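Participant: Sequence and predicted structure are below.
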Amino acid sequence: MSLNISFNKADKNATLGNRMALKAFIERSLRKEGLTIETLQYIFCSDKYLLGINKSYLNHDYYTDIISFDLSETRGKLIGEVYISIDRVKENAKTHKTLLNEELLRVLFHGALHFCGYKDKKPADAKEMRAQENKWLKSYLKSVS
């Protein structure tokens, strides 16, 4: 189990079952992509909190579900922060008619996939990102069932 992955609260809590298994899965999955984790922090927050980050650091004035910051100094050794809006995750779960837990896992994996080089701005990139999210989600859910 990785002590290098942490789940933190900024101003919102997130309910995650089996955090040890989740951390181990993320670590294994990133290792398959050629990354070792020095530190990876997931920070759970509100729309308002993440909007502040989006405005301050990215000059974007809109809500988003996730922002990933790659702070790595050495290629292949990940130092990352992933900010996740629990408000957006809840809204996305309703919109996509999926379970809240599955949507939260999808967003967690989405953040990790950004560190692997996957993008989501162009339609083709977004399609590949979604395929990878689905692959990780299916694999993780199978491993814990």
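Facilitator: That came in fine, so what should we check first?

Participant: which residues of the protein fall in helices?
Facilitator: Chain-ordered helices for the chain, with DSSP state H as the definition, fall at 19-32, 47-58, 86-95, 100-115, 123-144.

Participant: residues of the third one that come out buried?
Facilitator: It refers to helix 86-95. For helix 86-95, burial by neighbour count (16 or more other Cβ atoms under 10 Å) applies to 86, 87, 88, 89, 90, 92, 93. C-betas here are computed from N, CA, C, even on glycine.

Participant: And stretch 135-145, by the same measure?
Facilitator: Using 16+ other Cβ under 10 Å as the test for burial, stretch 135-145 gives 136, 137, 140.

Participant: Now do the second one against residue 113, distance only.
Facilitator: In this case it means residue 137. 11 Å (Cβ to Cβ, to the nearest Å).

Participant: The first one now?
Facilitator: With the distance defined as Cβ to Cβ, residue 136 ends up 7 Å from residue 113.

Participant: same question, residue 134
Facilitator: From residue 134 over to residue 113 the distance is 11 Å, taken as Cβ to Cβ.

Participant: So which of those two has more stuff around it?
Facilitator: Neighbour totals were compared for residue 134 and residue 113, and residue 113 leads with 23 against 12 (other Cβ atoms under 10 Å).

Participant: Need the nearest residue in space to that one, chain neighbours excluded.
Facilitator: Once flanking residues are discounted, residue 113 sits nearest to residue 132: 5.3 Å by Cβ to Cβ, 6 or more residues apart in numbering.

Participant: Cool, thanks, talk later.
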